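# Provided below for reference: sequence and predicted model.
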Amino acid sequence: MSIYVGNLSFEVTQEDLTSVFTEYGSVKRVQLPTDRETGRMRGFGFVEMGTEAEETAAIEALDSAEWMGRALKVNKAKPREDRGSSGGGRRDSFSSRY
């Protein structure tokens, strides 16, 4: 399971986020998604910690905390939803023709 961290400054780095979360336990991985077109950070990230207890401690301590001039939104990450095909695909219209 991982932690969602929202309302991040666009200037934040993986090292910044790692240092903040290390105060609550071992950080296994940090992801900071970027916009495909601009390459700019999207303002949120994900942190994976060593144990469930460490994640809980970090969430409780950091949710709504002010960091780099912003109030953080920190909670359990929800599973990624399957978006299905990205449209534009051809539908099988055989059954509708006959």
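That came in fine, so what should we check first? Since we're looking at a predicted model, the values are computed, not measured.
# CA only for contacts and neighbour counts going forward, please
Noted.
# which residues does stretch 42-59 contact?
1-10, 21, 24-35, 74-77 (Cα atoms under 8 Å, 6 or more residues apart in numbering).
# for L17, report the pLDDT, please.
In this model, L17 is scored at 96, pLDDT.
# also R83?
61.
# do the same with the one 10 residues further on
If you check S93, the pLDDT there is 49.
# now do the same end-to-end measure for stretch 57-70.
Using Cα to Cα, to the nearest Å, one end of stretch 57-70 lies 20 Å from the other.
# end to end, how far does stretch 15-34 reach?
16 Å.
# in the protein, what helix or strand scores lowest on average pLDDT?
helix 94-97 (a mean of 48; mean pLDDT, DSSP states H and E).
# contacts for stretch 20-30, please.
14, 17-18, 45-50, 54-55, 57-58.
# in helices, which of these appear?
14, 17-18, 54-55, 57-58 (DSSP state H).
# circling back to that earlier point, can you redo the contacts of stretch 20-30 as CSV with neighbour count?
Formatted as CSV, those follow (neighbours: other Cα atoms under 10 Å):
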residue, neighbour count
Q14, 14
L17, 19
T18, 18
G45, 22
F46, 22
V47, 23
E48, 21
M49, 24
G50, 14
E54, 19
E55, 24
A57, 14
A58, 21
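# export those to a markdown table and append columns for distance to E66.
A markdown table is the format used below for those (distance: Cα to Cα, whole Å):
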| residue | distance to E66 |
| --- | --- |
| Q14 | 18 |
| L17 | 13 |
| T18 | 16 |
| G45 | 16 |
| F46 | 18 |
| V47 | 18 |
| E48 | 21 |
| M49 | 21 |
| G50 | 24 |
| E54 | 20 |
| E55 | 18 |
| A57 | 17 |
| A58 | 14 |
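# farthest-apart pair in those residues, please.
Q14 and A57 (19.7 Å; Cα to Cα).
# gap between the closest residue to M49 other than its chain neighbours and T56?
Closest residue to M49 apart from its sequence neighbours, by Cα to Cα, 6 or more residues apart in numbering: V27 at 4.4 Å. Using Cα to Cα, V27 is found at 13 Å from T56.
# what do you get for F44?
From F44 to T56 the distance is 18 Å (Cα to Cα).
# who has more neighbours, these two?
F44 (20 against 15; other Cα atoms under 10 Å).
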